[in-house]
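Student: This is a predicted model, with the sequence first.
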Protein chains: 2
Amino acid sequence: MNFCSHCGSDQLEFRVPEGDNRPRYVCSNCGVIHYSNPRIVTGCLPVWEGRVLLARRAIEPRKGYWNVPSGYMENGETVEQGAAREVWEETLARVQELRLHTVFSIPHINQVYIHFLAELNGPDFGVGEESADVRLFAEEEIPWKEIAFTSSVFTLEHYFEDRRQGRQEVHIGVMEWG
Amino acid sequence: MNFCSHCGSDQLEFRVPEGDNRPRYVCSNCGVIHYSNPRIVTGCLPVWEGRVLLARRAIEPRKGYWNVPSGYMENGETVEQGAAREVWEETLARVQELRLHTVFSIPHINQVYIHFLAELNGPDFGVGEESADVRLFAEEEIPWKEIAFTSSVFTLEHYFEDRRQGRQEVHIGVMEWG
């Protein structure tokens, strides 16, 4: 942030506003405080006959790695709608009746991943625009060393563990930095 | 947004960027795309001997109404850390071992509420800076018509219903507009 998006001034200070307890960008010209907050990455692991649907990323970051279909939640949608939209955009699969599965904070990059589970009605999927490949994986086929993000590892590990235990739980986690 | 926060230009267009599928503020001068995404409001319902701790808001919006201690999640923290911080700021109570309770989307104002539950170690609390009053309420004492936000009603109703049913679940909901 170099300029105030409200008045266009370059007189920005990074300081603790009055009555606040942490530094923000404050415009010395018009007084507007510019807040920055974590973003939600929402997604869903589609399941078909015990196999899970992953998308190989065609774009950076982590191009070529496999991922639980996920992306930034957009304004005007619910977390579940965003997850279903991401599944559609990346895998051309339609998911309904989403069950909350994981909430995973990554404090050092200001992200919160929210992942759902959903059963597919059939093996109907394809390769979306941001994907290089889309495939169903049985547990023993998961390419653990080629999973794009820690959040997806967290979601996959808990999915298979819950299945072994015959339970459905919501798991909350955090990625520690370093 | 009147000016580009990157280059200071007032040549902003609200249009769908190439390769995207929804309109964003795009700077015609420097090309930067300005994304806007939903914000997380994180909070926790503290419980002490079956009673729940609510804070009466000393600030707008909904000044004077009672609320589950909550506020905007900040950069650099986990969802749980944010919830515990908000409890401390509003009620001077310390919560640990937070259990996820509700995830509540409000699409028309681009917010997602994430509420936890936590048992207090004792009735140790006070009136934080943004609160006008803080009190423990038994179920029959809840001032239902003076609850600040729909998200808090959702959290409180599910808490008492779960308790009646002898279960602990995570509930996902949405506020419909209008």
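Tutor: Alright, I've got the coordinates.
Student: What are the buried residues along the helix or strand hosting residue A:155?
Tutor: Taking DSSP states H and E as the definition, residue A:155 sits inside helix A:150-165. With burial defined by 16 or more other Cβ atoms under 10 Å in any protein chain shown, the residues of helix A:150-165 counted as buried are A:151, A:152, A:153, A:154, A:155, A:156, A:157, A:158, A:159, A:162. Glycine gets a C-beta too; all of them are placed from N, C-alpha and C.
Student: Repeat that for stretch A:112-121.
Tutor: In stretch A:112-121, counting by 16+ other Cβ under 10 Å, buried: A:112, A:113, A:114, A:115, A:116, A:117, A:118, A:120.
Student: Just give me how far stretch A:46-61 sits from the chain centre.
Tutor: 13 Å (Cα atoms, centre = their mean, to the nearest Å).
Student: what's the span of it, first residue to last?
Tutor: Chord length of stretch A:46-61, first to last residue, is 22 Å (Cα to Cα, to the nearest Å).
Student: Residue A:19: neighbouring residues, count only.
Tutor: Neighbour count for residue A:19, taken as other Cβ atoms under 10 Å in any protein chain shown: 8.
Student: go on, residue A:84?
Tutor: Residue A:84: 24 neighbours (other Cβ under 10 Å).
Student: now residue A:73
Tutor: Using other Cβ under 10 Å: residue A:73 sits among 27 other residues.
Student: And for residue A:23?
Tutor: Residue A:23, neighbours per other Cβ under 10 Å, totals 11.
Student: Now do the helix holding residue A:155: which elements does it pack against?
Tutor: The helices and strands touching helix A:150-165, judged by 3 or more Cβ pairs under 8 Å, 6 or more residues apart in numbering or on different chains; DSSP states H and E, are strand A:39-48, strand A:51-57, strand A:99-106, strand A:111-119, strand A:171-174.
Student: Average pLDDT for it, rounded please.
Tutor: Averaging pLDDT along helix A:150-165 gives 98.
Student: How about stretch A:18-29?
Tutor: 94.
Student: hang on, the earlier thing: any idea which of the buried residues of stretch A:112-121 is closest to residue B:73?
Tutor: residue A:112 (7.5 Å; Cβ to Cβ).
Student: Quick check: which of the helices and strands packed on helix A:150-165 is nearest to chain B?
Tutor: strand A:99-106 (3.7 Å; Cβ to the nearest Cβ).
Student: low pLDDT regions in chain A?
Tutor: Applying pLDDT under 70 to chain A flags the ranges A:177-178.
Student: per-domain residue ranges of it.
Tutor: Chain A is divided into the following domains under automatic domain parsing: A:1-36, A:39-174.
Student: mind checking the end-to-end distance for the shortest one?
Tutor: Taking Cα to Cα as the measure, domain A:1-36 stretches 11 Å from start to finish.
Student: Say whether chain B is contacted by it.
Tutor: Yes: with Cβ under 8 Å from any Cβ of the partner chain as the criterion, chain B is reached by domain A:1-36 at A:1-8, A:10, A:19, A:22, A:34-36.
Student: Show me which residues of chain A sit near chain B.
Tutor: Close to chain B, as judged by Cβ under 8 Å from any Cβ, chain A has residues A:1-8, A:10, A:19, A:22, A:34-40, A:72-81, A:100, A:103, A:105, A:107-108, A:110, A:112, A:114, A:170, A:172, A:174.
Student: Find the nearest non-adjacent residue to residue A:71, please.
Tutor: residue A:86 (4.4 Å; Cβ to Cβ, 6 or more residues apart in numbering or on different chains).
Student: do the same with residue A:160
Tutor: residue A:139 (5.1 Å).
Student: picking up where we left off before, of the residues of domain A:1-36 next to chain B - the most surrounded one?
Tutor: Going by other Cβ under 10 Å, residue A:4 tops these with 24 neighbours.
Student: Would you mind confirming that that one is in contact with residue A:33?
Tutor: No: applying Cβ atoms under 8 Å as the test, residue A:4 and residue A:33 come out as separate, 10.3 Å apart.
Student: any residues in contact with both of those two?
Tutor: residue A:27 (Cβ atoms under 8 Å, 6 or more residues apart in numbering or on different chains).
Student: where does the residue of chain A positioned farthest from its centre fall, phi/psi-wise?
Tutor: With distances taken as Cα atoms, centre = their mean, the residue sitting farthest from the centre of chain A turns out to be residue A:29, at 36.7 Å. When read as degrees, to the nearest 10, the backbone of residue A:29 gives phi -80, psi -50.
Student: now residue A:30
Tutor: phi -110, psi -10.
Student: in the sheet, who's paired with the residue most central in space within chain A?
Tutor: Per Cα atoms, centre = their mean, the C-alpha nearest to the average position across chain A is that of residue A:41, at 2.7 Å. On the basis of DSSP bridges, residue A:41 is bridged to residue A:72, residue A:113.
Student: right, and it touches residue A:105 too?
Tutor: No: applying Cβ under 8 Å as the test, residue A:41 and residue A:105 come out as separate, 10.8 Å apart.
Student: Can you name the residues that contact residue A:54?
Tutor: A:66, A:67, A:68, A:69, A:134, A:135, A:137, A:142, A:152 are the contacts of residue A:54 under Cβ under 8 Å, 6+ apart.
Student: would you list those in JSON lines and tack on distance to residue A:57 and secondary structure?
Tutor: Listed next are the contacts of residue A:54 as JSON lines, based on distance: Cβ to Cβ, whole Å; DSSP: H, G, I helix; E, B strand; the rest coil:
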{"residue": "A:66", "distance to residue A:57": "8", "secondary structure": "strand"}
{"residue": "A:67", "distance to residue A:57": "6", "secondary structure": "strand"}
{"residue": "A:68", "distance to residue A:57": "11", "secondary structure": "coil"}
{"residue": "A:69", "distance to residue A:57": "10", "secondary structure": "coil"}
{"residue": "A:134", "distance to residue A:57": "11", "secondary structure": "strand"}
{"residue": "A:135", "distance to residue A:57": "13", "secondary structure": "strand"}
{"residue": "A:137", "distance to residue A:57": "15", "secondary structure": "strand"}
{"residue": "A:142", "distance to residue A:57": "16", "secondary structure": "coil"}
{"residue": "A:152", "distance to residue A:57": "11", "secondary structure": "helix"}
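Student: Nice, that's everything, thank you.
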